[in-house]
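> I would like to see how this sequence folds:
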Amino acid sequence: VCGDPGWGTPLVLREYAKSMRAFERFASDDRMRQAYTQRRDDFSPPPLLRGVELGRRREDRRLSTRSMSVGAFLDKYRQVTASESEEERILYAVSPLPALLAEDVPLPSFLRCGGAARRLHSLNLWMSSGGTESVLHTDQYDNLNCVLAGSKRFLLIDSAYYGVVADTRCGWYDAEKAAR
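Residues are numbered from 1 along each chain as shown. Predicted coordinates for the structure are as follows:
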């Protein structure tokens, strides 16, 4: 509740991801491919990632992205060929989580009661072959981040310092300004 002493304080739930089916299915590219690229029936299209960036280690929200099936992304994102430069073979996905994958990522039980789940804005998947970074930004909503494989570093800055870091000289990305 807003105004409570703990409001805005990060909460870490260690080991929670191990209870998810996604923990096993996201453990390797082969397991992910087996779970999410096989057609369940003749009518279902393969899950699609929307928001795949090509050729960048650092996210650039000003540039266009492409859509790609999960299978195509898994085939390409670690692939190294002699004909491609390192920049051409980097794939970085920041995508709404396809419904088939979302089935394997349940919310913690304390978020499934009291109407909290209805207030969720979106589920997103971030995936890369490593060495990529997001831009410095703020989110309009509270976040629940879950690392299923690999590692991710988070920098959480107290909102009291918003005026200091919300500057392009610090690498800040202003979505509202970019939309104009």
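> contacts and neighbour counts: CA atoms only from here.
Will do.
> residues in contact with residue 44?
By Cα atoms under 8 Å, 6 or more residues apart in numbering, the contact set of residue 44 is empty.
> which stretch of helix or strand covers it?
Here residue 44 sits in a region with no helix or strand, counting by DSSP states H and E.
> that one and residue 70, how far apart?
Distance, residue 44 to residue 70, using Cα to Cα, to the nearest Å: 14 Å.
> low-confidence ranges in this structure?
Low-confidence segments of the chain (pLDDT under 70): 1-8, 39-43, 55-57, 80-89, 140-141, 173-180.
> do a quick rundown of the helices in it.
Per DSSP state H, the chain carries helices over the ranges 21-25, 29-36, 70-76, 86-89, 99-102, 162-165, 175-179.
> with distance to residue 126 and mean neighbour count added, can I get those helices in JSON lines?
Below are the helices of the chain laid out as JSON lines (distance: least, Cα to Cα, whole Å; neighbours: other Cα atoms under 10 Å):
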{"stretch": "helix 21-25", "distance to residue 126": "14", "mean neighbour count": "18"}
{"stretch": "helix 29-36", "distance to residue 126": "14", "mean neighbour count": "16"}
{"stretch": "helix 70-76", "distance to residue 126": "12", "mean neighbour count": "17"}
{"stretch": "helix 86-89", "distance to residue 126": "17", "mean neighbour count": "14"}
{"stretch": "helix 99-102", "distance to residue 126": "13", "mean neighbour count": "15"}
{"stretch": "helix 162-165", "distance to residue 126": "23", "mean neighbour count": "11"}
{"stretch": "helix 175-179", "distance to residue 126": "18", "mean neighbour count": "8"}
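> residue 151: which of the ones you listed is closest?
Closest to residue 151 of these, according to Cα to Cα: helix 21-25, at 13.3 Å.
> export the closest one to CSV, keeping only CA atoms.
Provided in CSV are the C-alpha atoms of helix 21-25 (Å, rounded to 0.1, in the frame of the first residue of the first chain):
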residue,chain,number,x,y,z
ARG,A,21,8.0,-25.3,-15.6
ALA,A,22,9.8,-22.6,-17.6
PHE,A,23,12.9,-23.1,-15.4
GLU,A,24,13.4,-26.5,-17.0
ARG,A,25,12.2,-25.5,-20.5
